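# my questions concern the predicted model and sequence given below.
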Amino acid sequence: MQDSNDNELGLYVHVPFCSTTCDFCAFYQERPSKKGFEEYFLALEKDFQTHLPDRAFSTVFIGGGTPGILSDGQIDQLCALIHANGLKDECEWTVEVAPNEINPQKLEAFLRGGVNRLSLGVQTLDPVFMKELGRKHDVERAVKAYGEVRAAGFENVNLDLLFGAPGQTLENWKDDLRKVVDLGPDHVSTYCLTFEEDTALFAKLAKGQIKIDPEREAMFYEWAWEYLPNQGYSQYEVSNYARDGYECRHNLNTWGMNEWIGFGPSASSQYNQVRRKNFSNIEQWAKPLLLEESLEYEEYSELDNYDLARDAILFGLRMNRGINLNVISGKFRIPPDSFEGIHEFLELLEKECLAVFEDHQYFLTLEGRMRCDAIALEIPDLSSHSG
């Protein structure tokens, strides 16, 4: 697996426009409008000018919303703006697209602009659960979109899948994964359905119309963890699988607590020891940029190396390769004795058969990965002084 270089800098652009809202989606989005697009692109250019870094970007990730909702002309405009701000050679450039929003002209525009990796939001290939999730495309359209992506010439394609939909059985999930493997993507992301507030699914949950079944979800996890690696997709993170050499560099950079800069409304950044999030409102984000007023953020916190090291441990434990505390100590220039509480915590996980220690690396076991979210909440802070 290609590791994330400590000097890599990621670029994230949030395209907030979406024609409809899926039942499970809680991401910030706006209905498309001529005025909204004009304001967005004017402010985005100012955003780049204001936050231009001192080195070129190594990875690019355009998410949403639905970036595929842009016209081919708008795609050209966005790609030109990104290129103008400096990209390294061999830059990995990902765009998230929905099956019902793309066509050959848009795909050609993405390729023309330098995009070399597409993430297709299929979610499921089961017609019943496609409807349950409130998706606006059907299975036939999802499969056809994948074919169009390959025909256009994309050689690095991810498929996003959701599991745990109301009523979904393990056999349904097995069937979904088999169909995805038959398509032959280079990367597969599998996410357990979460019930976020202000979504249609959460409303159904609150009314008792649907229920959460943790035991069922655990079976879904375990089957994917066994099946996909046997089909040539190595698991490198709890939810992510890839053919050799196709791991997502942008995500590896983020999980390694390196740096990235986010542009657009609701986009987050971690740069120069600051973590911040832009306002999740297009007007609130755009107005100070366009009027050249002092900028404020929805979230803003200054970080020290101890904060970054702890988060590198937290996210590192989600990865199959695990963590090496000596490497983290050196990377963030933190004395080894600052990790005393972390060592004790990891040793306790070992005793509970939730982690193993081999070749200076700590890894979570199968049961540990199942409980990784709960483990993350318990990870202690690093000590900033010895004794």
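That came in fine, so what should we check first?

# got the contact list for residue 316?
Residues near residue 316 by Cβ atoms under 8 Å, 6 or more residues apart in numbering: 255, 256, 322, 323, 328. The C-beta positions use only the backbone N, C-alpha and C, and glycine is treated the same way.

# distance to residue 91 and neighbour count added to those, as TSV?
As requested, the contacts of residue 316 are exported to TSV (distance: Cβ to Cβ, whole Å; neighbours: other Cβ atoms under 10 Å):
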residue	distance to residue 91	neighbour count
255	19	20
256	17	21
322	28	19
323	27	23
328	26	23
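
# how close does residue 189 sit to residue 103?
Using Cβ to Cβ, to the nearest Å, residue 189 is found at 24 Å from residue 103.

# quick one: which of these two has more around it?
The neighbour comparison of residue 189 against residue 103 (other Cβ atoms under 10 Å) goes to residue 189, with 19 against 13.

# where does residue 241 sit: helix, strand or coil?
Using DSSP: H, G, I helix; E, B strand; the rest coil, the structure places residue 241 in strand.

# number of residues surrounding it?
Around residue 241 there are 25 residues (other Cβ under 10 Å).

# beta partners of it?
Applying DSSP bridges to residue 241 gives these bridge partners: residue 188, residue 235.

# pretty sure it is touching residue 229, no?
Yes. Counting by Cβ atoms under 8 Å, residue 241 touches residue 229, with 7.2 Å between them.

# which neighbours do the two share?
residue 235.

# all helices of the stretch 101-250 of the chain, in order?
Remark: helices assigned in the stretch 101-250 of the chain by DSSP state H, counting those that start in this stretch are 104-113, 127-132, 139-152, 170-183, 200-206, 214-230, 249-255.

# the domain parsing of the chain - what is it?
9-254, 321-378 (automatic domain parsing).

# in the stretch 151-300 of the chain, where is pLDDT below threshold?
Scanning the stretch 151-300 of the chain for pLDDT under 70 picks out 194-214.

# can we see that at 50?
195-197, 199-205, 210 (pLDDT under 50).

# out of the contacts of residue 316, which one sits closest to residue 73?
The shortest approach to residue 73 among these belongs to residue 255, at 34.8 Å (Cβ to Cβ).

# dump the residue contacts of that closest one.
4, 237, 315, 316, 318, 319 are the contacts of residue 255 under Cβ under 8 Å, 6+ apart.

# any idea how far the residue at minimal distance from the centre of the chain lies from residue 10?
Nearest to the mean C-alpha position of the chain, counting by Cα atoms, centre = their mean, stands residue 251 at 6.4 Å. In this structure, residue 251 and residue 10 are 9 Å apart, going by Cβ to Cβ.

# closest to residue 222 out of the contacts of residue 316?
Using Cβ to Cβ, the contacts of residue 316 come closest to residue 222 at residue 322, 19.2 Å.

# show me what contacts the spatially closest residue to that closest one that is not a sequence neighbour?
Spatially, and ignoring its direct neighbours in sequence, residue 322 is nearest to residue 363 (3.7 Å; Cβ to Cβ, 6 or more residues apart in numbering). Going by Cβ under 8 Å, 6+ apart, residue 363 touches 320, 321, 322, 355, 356, 357.

# before we move on, what about residue 53?
Per Cβ under 8 Å, 6+ apart, neighbours of residue 53: 9, 261, 271.

# in JSON lines: those, plus distance to residue 53 and neighbour count.
Output for the contacts of residue 53, formatted as JSON lines (distance: Cβ to Cβ, whole Å; neighbours: other Cβ under 10 Å):
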{"residue": "9", "distance to residue 53": "6", "neighbour count": "20"}
{"residue": "261", "distance to residue 53": "6", "neighbour count": "23"}
{"residue": "271", "distance to residue 53": "7", "neighbour count": "17"}
